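Participant: what's the 3D shape of this:
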Amino acid sequence: MNGRAIADALIEAPIFTSFTKIGYAARQRLEGWSSLDDYDLTGKVVVVTGATSGLGFTAAQQFAKNGATLVLVGRGAERNQRVVSELIAATSNKSITQIPADMGDYQHVRDLAARLLAEHDRLDVLVHNAGALSPKRQLASDGTEATVASQVVGPFLLTALLLDRLATSAPARVITMSSGGMYAAGLTVSQLQMTPENYNGTKQYALAKRAQVTLNEMWADRFGESGIRFHAMHPGWADTPGVDASLPTFSKLMGPLLRTPAQGADTLVWLAADDAPLASNGKFWLDRRQRSIHKLPSTKKSDTPERRSELWDWVARTASIEPALSS
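Facilitator: Got it, this is the predicted structure:
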């Protein structure tokens, strides 16, 4: 292990330093990161879900600055269009459009995929960023718990529907915005959807995020040879409207140490733009470095081949699709 790796490991060990702006600043100086402004994404088609606020908006703004042909996905067309206009005005990039879709509504997801395939002959980057922590249990239209529907099943369905277009655009990238909260959750299918009696929004969010990072690895195992790179990442603890609304006490206590949205979105944009992530597949990242998906023995013990297979089968069945590439 070289000196930089040792220093990074020392930063990583205590979550307090690793996930806050302290860890970000230390790693940025340690590694001498390239500026995100240096990347040219002209001609690249980038789709970002959950792009109208928080980390999704910040990432979209950077993609627009880099010249990408950008498609913003959010639930409301009017709000989407306001963000499109704002980004065009700020970056002078006129290749920005929007498509309204609720990622927890599977017909919306199918309509979204159909429009993307009709309007773009290539797809270079698909960013799964949509999702929120809800303190109150809600159901999607099909009866699936809403967090699981929008952050696990919906993204799975969209990836499956766009798989051929991603493969023909290779090297293409599918990037999932996860959360460090998943470190506290084990892999489960039978308890993935919390019941009304035991519902806890923070735990439900963590369970969904655990499923996300597991599926990310499985996508790479099953379709990595197609030229698609699947990566997941977490942003650290970032100061966003979502965090402030869903975790107000945490946001107030940690306020001075929370990362800025730009710091939280940095690795997402880097994964989409840099050549280095093309050398690996199915990895989990924080601050431009690969990380383990487990910090606790209990979550690692829960991550069995049988549970992985059960998860994939359940999500595919719920989404009514079995992913496959056209021959």
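
Participant: Could you check the pLDDT of the residue nearest to residue 112 when sequence neighbours are not counted?
Facilitator: In this structure, residue 112 finds its nearest non-sequential neighbour in residue 101, 4.1 Å apart by CB to CB, 6 or more residues apart in numbering. In short, each C-beta sits where N, CA and C put it, glycine included. What the model reports for residue 101 is a pLDDT of 98.

Participant: hang on, residue 101 packs against residue 108?
Facilitator: Yes. The pair residue 101 and residue 108 qualifies as a contact (CB atoms under 8 Å) at a distance of 4.3 Å.

Participant: returning to that earlier point: now the residue nearest to residue 112, what are its backbone angles?
Facilitator: phi -170, psi 140 (degrees, to the nearest 10).

Participant: tell me the SS of residue 73?
Facilitator: Under DSSP: H, G, I helix; E, B strand; the rest coil, the three-state class of residue 73 is strand.

Participant: And for it, the neighbour number?
Facilitator: Neighbours of residue 73 under the rule other CB atoms under 10 Å: 30.

Participant: Surely it and residue 57 touch.
Facilitator: No. Using CB under 8 Å, residue 73 is not in contact with residue 57; the gap is 11.9 Å.

Participant: joint contacts of those two?
Facilitator: Common contacts of residue 73 and residue 57 (CB atoms under 8 Å, 6 or more residues apart in numbering): residue 51.

Participant: And residue 101 and residue 108? Which one has more around it.
Facilitator: Set side by side, residue 101 and residue 108 show more neighbours around residue 101, with 25 against 19, by other CB under 10 Å.

Participant: Please determine how far that one is located from residue 154.
Facilitator: Applying CB to CB, to the nearest Å, the value for residue 101 to residue 154 is 9 Å.

Participant: Show me whatever sits in contact with both of the two.
Facilitator: Residues touching both residue 101 and residue 154 by CB under 8 Å, 6+ apart: residue 109.

Participant: and stretch 87-104, how far apart are its ends?
Facilitator: Terminal residues of stretch 87-104 are spaced 26 Å apart (CA to CA, to the nearest Å).

Participant: Could you give the separation of it from the chain centroid?
Facilitator: From the chain centre to the centre of stretch 87-104 is a distance of 18 Å (CA atoms, centre = their mean, to the nearest Å).

Participant: and if you look at stretch 229-236?
Facilitator: Centroid separation between stretch 229-236 and its chain, computed with CA atoms, centre = their mean, is 6 Å.

Participant: What of stretch 227-238?
Facilitator: Computed by CA atoms, centre = their mean, the chain-centroid distance of stretch 227-238 equals 6 Å.

Participant: what comes up buried for it?
Facilitator: If you call a residue buried by 16 or more other CB atoms under 10 Å, then stretch 227-238 has these buried ones: 228, 229, 230, 231, 232, 233, 234, 235, 236, 237, 238.

Participant: Any chance of these in CSV with distance to residue 191 and secondary structure as columns?
Facilitator: Output for the buried residues of stretch 227-238, formatted as CSV (distance: CB to CB, whole Å; DSSP: H, G, I helix; E, B strand; the rest coil):
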residue, distance to residue 191, secondary structure
228, 30, strand
229, 31, strand
230, 25, strand
231, 27, strand
232, 21, strand
233, 25, strand
234, 22, coil
235, 26, coil
236, 27, coil
237, 26, coil
238, 28, strand
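
Participant: Confirm for me that residue 271 is in contact with residue 234.
Facilitator: No. Judged on CB under 8 Å, residue 271 makes no contact with residue 234 at a distance of 11.8 Å.

Participant: Fine by me, thanks again.
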